[in-house]
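[1] model the following, please.
(chains A and B)
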Amino acid sequence: MTPGSLPPDLDFRSDFEPVPAAGLIDLLLFFCRRRLLLRIEGQSMLPTLHGGDRVLVKPFQMNLGQLQPGMVVVSWHPSKPGLRLVKRLAACSADGLTLMGDNPAASTDSRQLGLIPASLLIGVVVGRLQPNPITKQQRMSSAARSPR
Amino acid sequence: MLRSALSSFVSALPAPVAEAHCDGPCGVYDPASARVAAEAVLAMTKKLKALEAPAAGDAAAQAAFDNTFSRFVAIKEDQAKETKKELLILWTDYFKPDHLATFPDLHDTFWKAAKLCSACKVNIDQGKAEELMAAVEKIHGMFWQSKGRNDAWVTAS
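    Below is the predicted model:
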């Protein structure tokens, strides 16, 4: 499928499931290298994920059965090597995945990119880390981005 | 307690980026979005022209007609604005000064296409809507030529 051949307005639900706070098991699995830690940048997943949020990702094992529409997933960009995308899985078929940003006005996703091959999928976002109080304060005040 | 301590610890670790990205940083452009909006303008213009006013004195039919007419106009105007917005993104963000060597009429083409969007928004003018489609098709050709591709011009309607 070529970009642009998808309908321009996918009928996508607006009641986005929030990403839960990372559970103890996922945190422990992170230390066993069974979860990836990634930092979110950009605004296409607002209000679910904000720039600067950190998430734990369960690596995808090429088993389409573990995928369900509504999950937040991370994949490689189909044409930009090394660029990871975080989007919500809108649909899943044998031909590939339809990925959509929760904030469509500021998102480049399957509407432009077409179906994303499942082989590009990195994993499923399983939890968001609770920012420690200092980080949170820094996030609240954009001016307080002190160099380290 | 353990969980929140671990969570704070892990969140302080360095982490690679996952982009909740948009056109800006990733540079993904496609004239298809302008084409879809322009097609909608043409379709709504045709629908408006085909609308028949109800017989005089039928208040309910008149109300239904007014409602439909207003909705068609609203969609036409909205889609004309959308077409212009999408064209301006291609013009100002995608095309670069080097492209002018290949397409000396680039600025003129976009300027006229943007003017056509305005004309289609203000009027119910099928001729202008068809000219707009032709302009978007020309831009489609320039865009894909600039990428070294020769993608077919396909319309939804």
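
[2] ranges for the helices of the chain?
    If you meant another chain, say so; for now it's chain A. Remark: helices assigned in chain A by DSSP state H are A:24-31, A:110-113, A:133-140.

[3] please go with chain B instead
    B:2-11, B:23-26, B:32-50, B:59-89, B:99-102, B:106-122, B:126-146.

[4] alpha carbons of the fifth one, as PDB, please.
    Once side chains and other backbone atoms are set aside, the C-alpha atoms of helix B:99-102 remain, and they are given as PDB (Å, rounded to 0.1, in the frame of the first residue of the first chain):
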ATOM      1  CA  HIS B  99      14.000  23.300  -6.700                       C
ATOM      2  CA  LEU B 100      13.500  26.600  -8.500                       C
ATOM      3  CA  ALA B 101      16.200  25.600 -11.000                       C
ATOM      4  CA  THR B 102      14.100  22.600 -12.100                       C
END
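
[5] other SSEs contacting that helix?
    Judged by 3 or more Cβ pairs under 8 Å, 6 or more residues apart in numbering or on different chains; DSSP states H and E, helix B:99-102 is in contact with helix B:106-122, helix B:126-146. For the C-beta atoms, the positions are set from N, CA and C on the backbone; glycine is no exception.

[6] which stretch among those comes nearest A:Ile116?
    Nearest to A:Ile116, of all those, is helix B:126-146, at 21.7 Å by Cβ to Cβ.

[7] is it possible to export the helices and strands packed on helix B:99-102 to a markdown table including mean neighbour count?
    Listed next are the helices and strands packed on helix B:99-102 as a markdown table, based on neighbours: other Cβ atoms under 10 Å in any protein chain shown:
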| stretch | mean neighbour count |
| --- | --- |
| helix B:106-122 | 18 |
| helix B:126-146 | 19 |
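
[8] may I see those arranged in JSON lines, with distance to A:Arg128 and mean pLDDT as well?
    Converted to JSON lines, these look like this (distance: least, Cβ to Cβ, whole Å; pLDDT from 0 to 100):
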{"stretch": "helix B:106-122", "distance to A:Arg128": "41", "mean pLDDT": "98"}
{"stretch": "helix B:126-146", "distance to A:Arg128": "38", "mean pLDDT": "97"}
